[in-house]
Every structure is written in C-alpha cells, then in structure tokens.
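Peer 1: fold the following, please.
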Amino acid sequence: MRMSFLQLSALGSVFFVLFGCTGMDQSGASRRDLFAVSGPYSSKAFDTLVYPMLKAQCSICHTDQNPRFIPRDKVAAYGRVYALMDWFEIENSRLARRKQDKHCGANCTDNADLLRVLQAWSEALDKDQIKGDDDRLITDSVQLTALPTGDNFVEVSFDMAKFGAEYNGAILKVEVQDYSLNGVRTGAIRIRKPRLASGASNLFIRSLRPRLNDHFDAANNLWESVQAPVAANNNNPPLLSPLVMLIQRSGTGSDSLAFEVGELRVIDAVACNELPYFSANVIPYMQAANKCFTCHGDATHQAYARFPMSAYFAVSPQALCNATIQRVNLEEPDASAIFNPAFGHNNHPVEANGVVIMSDANRAMVRTWIELEAAASGD
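Peer 2: Below you'll find the predicted structure:
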C-alpha cells in the first residue's frame, strides 16, 4: 500500500441525512447504515441529553463555523451529530475524544461525562432497534510517514480484495499531504482524488469515511458522491468525488489511515450516452435560478457535499452527466433519486425561495433524457 490525500470541501459532507440526492441504485443493502434515523427513544435521548450539552459547550463555534453540527434547528442537529459518531466504538469518535485531543477550551466537560451521554443515546438507538450488527467494511490501515507539503502529494492505495473474491484487483487510491499554509504546517493532513481502479469488473462504491488513527474526524469528512463505475483495468479512473478533505491530526509523528466503506458492490456498467440532450436541456435547468445549483452548486450548503453538481460541471459536462445518471433508475424512471425535488423524497425540499424546484415541465424534460439513456443502453 502506498500514499496520498487532499483537502476539505465545504460544509455538510455528512449532512446528507436531511438534504440532497441519494445514490442511483438503492437496492443492495449497505454493509453499515451511515444514514441518521431516529425513533421515540433516540429522539428523546438526543433532545434531553445530547443536544443541551453540545449546545451549551459547542454552539459558540459550531453553529456558524465548520463543521456546523449545532445548527439552530434541533432536528437538523440530530442528523449532523449522528454523522460524527462511530457507533460501534463510541470512545473513538472525534466528538467523544475532543477533550483528550485538546480541541476544547474551558467550556468542555470531561470525556467521561460526554461519553456517558453519548452511550445513553446509543442505548436508546438500540431500544428503537435502529442500529445493526458491526459488519462494517474497513480497509487495512496505512502508515502515513514523511508526508510532502506545498503542492506535493503522495499516493496511498487500499486493497479492496479483503472484502471478497469479487473485488480481487480493486484498489482504492487517494492522495495525501501534510497540509501547510504559507509554508507553515497546520497539523492537518489534506486528502484528495479518491478513485477506484478495478482489475475485474465494474464496481459501485459509496460513503467513504476516513479513520485517522482509528477514529473519525469531523462531519464534513465523508465522500458520499459517486461518478461512473470504474471499468476493468482502467488506467485513468474517474474520481469518486471531487470534494477534498482536511483532517486535523490528534498528535505528532506517524499517523495511520484507513477507510470505512458504506457500500461496495459489483454492478452493470453505467455511463452517460446522451450528452448532447443533457447539455442542451438538463444542465440549463440545473443552473437556473432556484433550481438544483442553488444548493448543489453552493460549496457552503449541505446538499453540495451529497451531490456537488457544480464541482462535477467544473470538470466537464460529461462528468456531471455521469454523476447524474448515478441518481437514475433506467427501468423505473419515476423511482430515480434525481426526481426527489418533484416528490419531496428523502426529505428533499420541493421549493427554493418560494419557487418550485422541479415543475411538471422540468420533470418531463428530465424524464425524456432518462428515456433516451435507457434506449441507448438497451433497457
């Protein structure tokens, strides 16, 4: 295994719980549920125990400062704090380690106090029968030593074959550096360019969470977006996400890095074939006022991290088309996640600034593109 990584991108990489689009094919269970769900016991535990403590101690910074996990809306806070947690090893969650990592000032309680509150929330999740068994997909760790700075990165590789014979030859690659500003090291590592080189077949990968020194860092460090599946023996694989991560180190010296994979499957090849229609019709719709780019083009918005449309478009119209078709069901178009704004699915808003995001005419136009794609693929 080798090395490499990049920087953060805006806000809510993990705030996908409440906003934005879901992945294309939602069949095939994820090996670990990274999506925040609640029940009567877990909601009450959060409202009465977790939220009051975090609001009192963290809101002075983390209401308006990244990661913004204490928004003024308590319902939104539930999903954001949930995403900070390692539910199988609560003590290794960055949130639970804040005192020993010397993150907090005088306002922070001892780790033990917060840990008791988080444990009570975890037990409430169990009571609601929300959490599953610990069957996570976690890559082997790579030691990060002598990382470059400035404009230089080192490539790090993670062998996915440990997750099954069908993934033999599949390598997750990223780039990493010791992040510095104006020549001064910041104490963080910068991670970029996640890509999946497959030596066997087309793979679908989603929800990558970094584990630095065996614990999670922060809410904005999750790669949820996907692009086209990687073809066999692809020497120049597309990025799984254009977003960048910046992870604060918890100490000095050598660090270890691993990734938790939310979903990994072999799938049929999917690619955008009808780019002319998409470019002439769908992209202008996405970019129009109070439409998709209003949230998915704004790097400070939660929806951007879930599906960063403008970042894909900055690469090329083809990259945006490839990423969009991942949110499409060619056999049942109306079940496509790209139609979330038409139906309010996945808690997606149907309006932006009082304007309907996807009108009947917009939906008919997008559906035409989907039907053209289906015909081109033979479906």
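Peer 1: for I338, which non-adjacent residue is closest in space?
Peer 2: R327 (4.4 Å; C-beta to C-beta, 6 or more residues apart in numbering). C-beta coordinates here come from the backbone N, C-alpha and C atoms, glycine included.
Peer 1: I figured that neighbour hits A335, correct?
Peer 2: No. Counting by C-beta atoms under 8 Å, R327 sits too far from A335 to count as a contact (10.8 Å).
Peer 1: neighbour-wise, which of the two wins?
Peer 2: R327 (21 against 11; other C-beta atoms under 10 Å).
Peer 1: tell me the secondary structure for the more buried one?
Peer 2: Recorded secondary structure, R327: coil (DSSP: H, G, I helix; E, B strand; the rest coil).
Peer 1: per-residue pLDDT, it?
Peer 2: R327 is assigned 79 on the pLDDT scale.
Peer 1: and the next helix or strand past the longest strand out of those in the chain?
Peer 2: If you go by DSSP state E, the chain has its longest strand at strand 184-197. Beyond strand 184-197 in the direction of the C-terminus, DSSP states H and E gives the next helix or strand as strand 203-212.
Peer 1: that following strand - contacts with which helices or strands?
Peer 2: In terms of contacts (3 or more C-beta pairs under 8 Å, 6 or more residues apart in numbering; DSSP states H and E), strand 203-212 is packed against strand 184-197, strand 245-248, strand 255-266.
Peer 1: can you list the strands that the second one pairs with?
Peer 2: It refers to strand 245-248. Neighbouring strands of strand 245-248 in its sheet, by DSSP bridges, are strand 184-197 (antiparallel).
Peer 1: and the next helix or strand past the helix or strand of the chain with the lowest mean pLDDT?
Peer 2: Ranked by mean pLDDT, DSSP states H and E, the helix or strand of the chain with the weakest confidence is helix 302-306, at a mean of 72. Using DSSP H and E, the next helix or strand after helix 302-306 towards the C-terminus is helix 309-315.
Peer 1: what lies in contact with that next one?
Peer 2: Helix 309-315 is contacted by residues 9, 227, 239, 242-243, 283, 286, 292-293, 296-299, 304, 319-320, 322-324 when judged by C-beta atoms under 8 Å, 6 or more residues apart in numbering.
Peer 1: please enumerate the strands of this protein.
Peer 2: 137-138, 142-144, 154-159, 171-181, 184-197, 203-212, 245-248, 255-266, 351-352, 355-356.
Peer 1: using CSV, lay out those strands together with distance to A311 and mean pLDDT.
Peer 2: Listed next are these as CSV, based on distance: least, C-beta to C-beta, whole Å; pLDDT from 0 to 100:
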stretch, distance to A311, mean pLDDT
strand 137-138, 25, 88
strand 142-144, 25, 92
strand 154-159, 21, 94
strand 171-181, 16, 91
strand 184-197, 12, 86
strand 203-212, 16, 80
strand 245-248, 14, 84
strand 255-266, 20, 84
strand 351-352, 19, 90
strand 355-356, 24, 93
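Peer 1: out of these, which is closest to Y82?
Peer 2: strand 203-212 (12.8 Å; C-beta to C-beta).
Peer 1: what comes up buried for the closest one?
Peer 2: Residues of strand 203-212 classed as buried: L203, F204, I205, R206, S207, L208, R209, P210, R211, L212 (neighbour count, 16 or more other C-beta atoms under 10 Å).
Peer 1: tabulate these (JSON lines), appending distance to F153.
Peer 2: What follows is the buried residues of strand 203-212, written out as JSON lines (distance: C-beta to C-beta, whole Å):
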{"residue": "L203", "distance to F153": "24"}
{"residue": "F204", "distance to F153": "26"}
{"residue": "I205", "distance to F153": "21"}
{"residue": "R206", "distance to F153": "24"}
{"residue": "S207", "distance to F153": "23"}
{"residue": "L208", "distance to F153": "17"}
{"residue": "R209", "distance to F153": "20"}
{"residue": "P210", "distance to F153": "15"}
{"residue": "R211", "distance to F153": "20"}
{"residue": "L212", "distance to F153": "16"}
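Peer 1: count of neighbours near V266?
Peer 2: 16.
Peer 1: quick one, domains of this structure?
Peer 2: 15-31+135-266, 40-127, 275-377 (automatic domain parsing).
Peer 1: let me see the mean pLDDT of the second one.
Peer 2: Average pLDDT, domain 40-127: 78.
Peer 1: let's see the distance spanning that domain from one end to the other.
Peer 2: 9 Å (C-alpha to C-alpha, to the nearest Å).
Peer 1: measure F88 to V156 for me?
Peer 2: Separation of F88 from V156 (C-beta to C-beta, to the nearest Å): 24 Å.
Peer 1: ok so, going back, quick one: which of the buried residues of strand 203-212 is nearest D47?
Peer 2: R209 (25.6 Å).
Peer 1: still on that earlier bit, among the buried residues of strand 203-212, which one lies nearest to Y51?
Peer 2: R209 (22.8 Å).
Peer 1: show me what the closest one bridges to in the sheet.
Peer 2: For R209, the beta-bridge partners under DSSP bridges are E260.
Peer 1: quick revisit: residues of the longest strand of the chain that come out buried?
Peer 2: Of the residues in strand 184-197, those buried (16+ other C-beta under 10 Å) are A188, I189, R190, I191, R192, K193, P194, R195, L196, A197.
Peer 1: grab the nearest non-local neighbour of S256.
Peer 2: S141 (4.3 Å).
Peer 1: show the pLDDT at the one you found.
Peer 2: pLDDT at S141 comes out at 94.
Peer 1: quick check: it touching A258?
Peer 2: Yes. Contact status for S141 versus A258: in contact at 4.4 Å, counting by C-beta under 8 Å.
Peer 1: what residues are shared contacts of those two?
Peer 2: R211, D214.
Peer 1: R192 and I171: what is the separation?
Peer 2: From R192 to I171 the distance is 17 Å (C-beta to C-beta).
Peer 1: wait, I meant I130
Peer 2: Taken as C-beta to C-beta, the span from I130 to I171 is 34 Å.
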